[in-house]
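**Q** attaching a predicted model along with its sequence, questions to come.
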Amino acid sequence: MRRLVRETDVLPRHLIQPLFVEPGTGVRRPIPAMTGQERISPDVAAEEASRCRDLGIPCVLLFGVPATKDPAGSGAWDERGPVHAAVREIKKAAPDILVAADLCLCEYTSHGHCGVLDHGSVRNDATLEVYERVAESYARCGVDVVAPSGMMDGGVASIRRALDEASAHEVAVMAYAVKYASAFYGPFREAAGSTPQEGDRKAYQMDPGNAREGLREARLDDSEGADILMVKPAGPCLDVIAKVRAATEKPLAAYQVSGEYAMIRTAGAAGLIDERAAMWESVRGIRRAGADIVITYFARELAKEHRSKGTH
Ligand code: PBG
């Protein structure tokens, strides 16, 4: 009976698995802040993506951890870099899994900000030109989805235009439409080495107290041609997910971020909560709020358990 009347499923097809990619071959380096997650080289990323595909997960999302950084973040459009290499290797090894790539500068800039820095502040329009260049470089490597996470004004429109001008019409834009300046990104910044050296991201990420502003951002990205809209973080923003769901017909994704993941992991390891149950409940809540797609570090584990225990 319970199964018959259950309203919300969490299935492997709803999930995106993020992967952190660094240079080299055969690299698997555990990320201490995120138990169960690793930094991997492009060849290992191809293995992991194949495993995700076998588990029924339709998409992976790549983040780069480059060997060197510079003030301009030039690694972001270097086609010899780890993310570009991983895109090519995954498309070769598992052409039927979608490859999404994060499009931002913070992992590549020595100052750690998401855009072009000029006298201590990020220049919006100069950053857009760089984002276009990164999008085109990803498209040349065969990416399926670009995910601009830097929250610049007009970012979706300029990336869409650049992709279309490069005849990459089929490359989708998954827009971080609503991205809060959240305390829950801490473990990610450790994993990607992307903590701002000075200042914070409050000038370009949103105030967590504002929901209507989130809705406005989402409508803007929708009208600029986003193919998928995203809300981030997920757990603290379930109301925003529900509001955006009601305001647009586009597919909606929500990102269960590193801090949400780490809290469930560490509380589970300390014996304070049932980790498996909390994993399912947290992701089911995000789906119930209205997300079609959940980006979660638990994707592989959810899909594995789905396979061994049946429908959830
Ligand atoms: C960078 C970016 C961040 C995350 C995804 N892309 C960090 C940030 O904005 O500081 C966080 C993801 C996570 O915490 O899992 N633009």
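**A** Yep, that arrived.
**Q** check whether stretch 145-161 comes into contact with the ligand.
**A** Yes - counting by CB under 6 Å from any ligand atom, contacts between stretch 145-161 and the ligand involve 149-150. C-beta here means a position set from N, CA and C on the backbone, and glycine is covered the same way.
**Q** start to end distance for that stretch?
**A** Start and end residues of stretch 145-161 are separated by 15 Å (CA to CA, to the nearest Å).
**Q** neighbouring contacts of the longest helix seen in the chain?
**A** The single longest helix within the chain, with elements called by DSSP state H, is helix 124-141. With CB atoms under 8 Å, 6 or more residues apart in numbering as the test, helix 124-141 has contacts from 72-73, 76-79, 83-84, 87-88, 91, 101, 103, 105, 114-116, 118, 146, 148, 150, 152-155, 158-159, 161-163, 166, 168, 171.
**Q** partners of the helix or strand following it, with directions?
**A** Using DSSP states H and E, the helix or strand that follows helix 124-141 in sequence is strand 145-148. Strand pairing for strand 145-148, determined by DSSP bridges: strand 98-103 (parallel), strand 172-179 (parallel).
**Q** buried among the contacts of helix 124-141? Make that a ChimeraX selection.
**A** The buried subset of the contacts of helix 124-141, as determined by 16 or more other CB atoms under 10 Å, is captured in ChimeraX by this line:
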select :73,76,77,78,83,84,87,88,91,101,103,105,114,115,116,146,148,150,152,155,158,159,162,163,168,171
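**Q** among the contacts of helix 124-141, which are located in strands?
**A** In this view, the contacts of helix 124-141 that belong to strands under DSSP state E are 101, 103, 116, 118, 146, 148.
**Q** so residue 16 touches residue 300, yeah?
**A** No - the pair residue 16 / residue 300 is not scored as a contact, 11.0 Å apart, by CB atoms under 8 Å.
**Q** mutual contacts of the two, please.
**A** With CB under 8 Å, 6+ apart, residue 16 and residue 300 have common neighbours residue 57.
**Q** who's more crowded, those two?
**A** residue 16 (24 against 21; other CB atoms under 10 Å).
**Q** tell me the bridge partners for the more buried one.
**A** Going by DSSP bridges, residue 16 forms beta bridges with residue 59, residue 295.
**Q** who's in contact with it?
**A** Here residue 16 is in contact with 57-61, 100, 253, 293-296, 299 (CB under 8 Å, 6+ apart).
**Q** of these - the most surrounded one?
**A** Going by other CB under 10 Å, residue 60 tops the contacts of residue 16 with 31 neighbours.
**Q** list the contacts for that residue?
**A** 16-19, 45, 48-49, 52, 90, 97-100.
**Q** so can I have TSV of the contacts of residue 16 showing pLDDT and distance to the ligand?
**A** Below are these laid out as TSV (pLDDT from 0 to 100; distance: CB to the nearest ligand atom, whole Å):
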residue	pLDDT	distance to the ligand
57	98	17
58	98	19
59	98	16
60	98	14
61	98	9
100	98	12
253	98	13
293	98	15
294	98	12
295	98	8
296	98	9
299	98	12
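**Q** going by distance to residue 176, which of those wins?
**A** Residue 176 lies nearest to residue 253 out of these, by CB to CB, at 9.2 Å.
**Q** among the contacts of helix 124-141, which are in helices?
**A** Going by DSSP H, the helices hold 83-84, 87-88, 91, 155, 158-159, 161-163 from the contacts of helix 124-141.
**Q** list just the nearest of the residues you listed to residue 25.
**A** Nearest to residue 25 among the ones in helices among the contacts of helix 124-141, with distances taken as CB to CB, is residue 88, at 13.8 Å.
**Q** confidence score at the one residue in the stretch 51-200 of the chain that gets nearest to the ligand?
**A** Taking CB to the nearest ligand atom as the measure, the stretch 51-200 of the chain has residue 188 as its residue closest to the ligand, at 3.2 Å. pLDDT, residue 188: 93.
**Q** what sits against it?
**A** So residue 188 contacts 34, 194, 257-259 (CB under 8 Å, 6+ apart).
**Q** one more time with 10 Å
**A** 18, 20, 31, 33-34, 37, 63, 107, 194-195, 257-259, 261-262, 297 (CB atoms under 10 Å, 6 or more residues apart in numbering).
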